[in-house]
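Chemist: using only what follows, build the 3D model:
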Amino acid sequence: MSGADFGSLYRELRNTAPGGVAPLGALVTLTPARTLAAAREVRSGRSVSLAAPVNTRAGPDNAEPAQHRLTAPAGAPDPDGLQFARDRIAMNIHGDVDSHIDALCHVIYGGTLHGGVPAADVLSPDGSAALSIDLARDGIVGRGVLLDVPRLHGIPWLEPGSHVSAEDLAAAEAQQGVRVGRGDILLVRVGHQRRRAQLGAWDSAGARAGLHPTALRFLAERQVAVLGGDGNNDTAPSAVPSVAFPVHVLAVHAMGLHLLDYLQFEELAPLCEREGRWSFLCVIAPLRLSSATGSPVNPLAIL
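Modeler: Numbers count the residues shown, from 1 in each chain. As a prediction, this is how the structure comes out:
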């Protein structure tokens, strides 16, 4: 895809985004009425985590692993006294392994954030107050829809470098008997986590499956509230040589979509298969960080 074609697509999606330049971005489509309707998706009461375990081991896709250590008690436990076990964790929120949510201030493009907010707002020493993850402090609760693209093609996963097209999303939707609608939390499975579990980690920064930039038209037409994937959502190598992360630019910067990266659907997908339905109540609760570009996250699907 040429830089000129990408620029045209960017302007098209920016001008038609349901959130416009509203501070909440596409979350404006997830109204209280839609949240109430999503609660009716709960039938069996089964809940499933959509997060990958926090990874503390270095690897080809994890140059900055999370650090987790026990800080107390020191030495052997006191058999006669009271003690508290304590620990500390530190992590790169936007790494290539751990599940996280991107705030609307995460993507700087053309010197601005979503809605034309000056990038200086995110680069200040105190962090980003504008468009930070604090916009989602009350949680994102709505109807989740899982589209399983490898299932559509009869394979366990898409190979790194493969693109998911708008046609793939529509075909998966039709095959699974579900329709993505306004205010939905759209989750797209490419099989990244299953491939990693079975074949081992690889340098996913250089090669991974994801959405083709033109697939974002599907999301714009359906007016979804949030996009999540079991990879980075962006394909590598990029379909646009001049833009390293075109899906992030289109989704976050142009459309105002919060992105969920590196989720895992390997428990959810077979459960949906068994129950014969691919929609559910989805609950996303970021940490309360007043000025942050994202947050670790453990989304829940409740069927």
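
Chemist: low pLDDT regions in the stretch 51-200 of the chain?
Modeler: Along the stretch 51-200 of the chain, the model assigns pLDDT under 70 to residues 121, 123-129.

Chemist: just the helices in it please.
Modeler: With DSSP state H, counting those that start in this stretch, the ranges of helices along the stretch 51-200 of the chain come out as 120-123, 149-153, 166-176, 192-199.

Chemist: of all the ones you listed, which one is nearest H68?
Modeler: Comparing the helices of the stretch 51-200 of the chain against H68 with C-beta to C-beta, the closest turns out to be helix 192-199 (19.9 Å). (Glycine included, C-beta is placed from N, CA and C.)

Chemist: show residues contacting that closest one.
Modeler: Helix 192-199 is contacted from outside by 52, 61, 156-157, 202, 204, 208-209, 229-231, 262-266, using C-beta atoms under 8 Å, 6 or more residues apart in numbering.

Chemist: mind running it again at 7 Å?
Modeler: A52, P156, W157, R208, A209, D230, G231, Q264, E266 (C-beta atoms under 7 Å, 6 or more residues apart in numbering).

Chemist: are any of those residues buried, and which?
Modeler: Buried members of these, scored by 16 or more other C-beta atoms under 10 Å, are A52, W157, R208, A209, D230, G231, Q264.

Chemist: name the nearest of the residues you listed relative to P150.
Modeler: The closest of these, once distances to P150 are taken by C-beta to C-beta, is W157, at 5.2 Å.

Chemist: who are the neighbours in contact with the closest one?
Modeler: W157 is in contact with P150, V190, G191, H192, R194, R195, counting by C-beta under 7 Å, 6+ apart.

Chemist: from P286, how far out is the fourth one?
Modeler: Same thing as H192. The spacing between H192 and P286, counted by C-beta to C-beta, to the nearest Å, is 22 Å.

Chemist: once you drop chain neighbours, what's closest to Y10?
Modeler: Nearest non-adjacent residue to Y10, counting by C-beta to C-beta, 6 or more residues apart in numbering: A254, 5.2 Å away.

Chemist: for G228, which three-state class applies?
Modeler: strand (DSSP: H, G, I helix; E, B strand; the rest coil).

Chemist: which residues touch it?
Modeler: Neighbouring residues of G228 by C-beta under 7 Å, 6+ apart: I185, L187, L260, L263.

Chemist: quick one, which of the helices of the stretch 51-200 of the chain gets closest to S132.
Modeler: Closest among those, using C-beta to C-beta: helix 120-123, at 8.3 Å.

Chemist: before we move on, back to that, burial of the residue nearest to Y10, as a residue count?
Modeler: 23 (other C-beta atoms under 10 Å).
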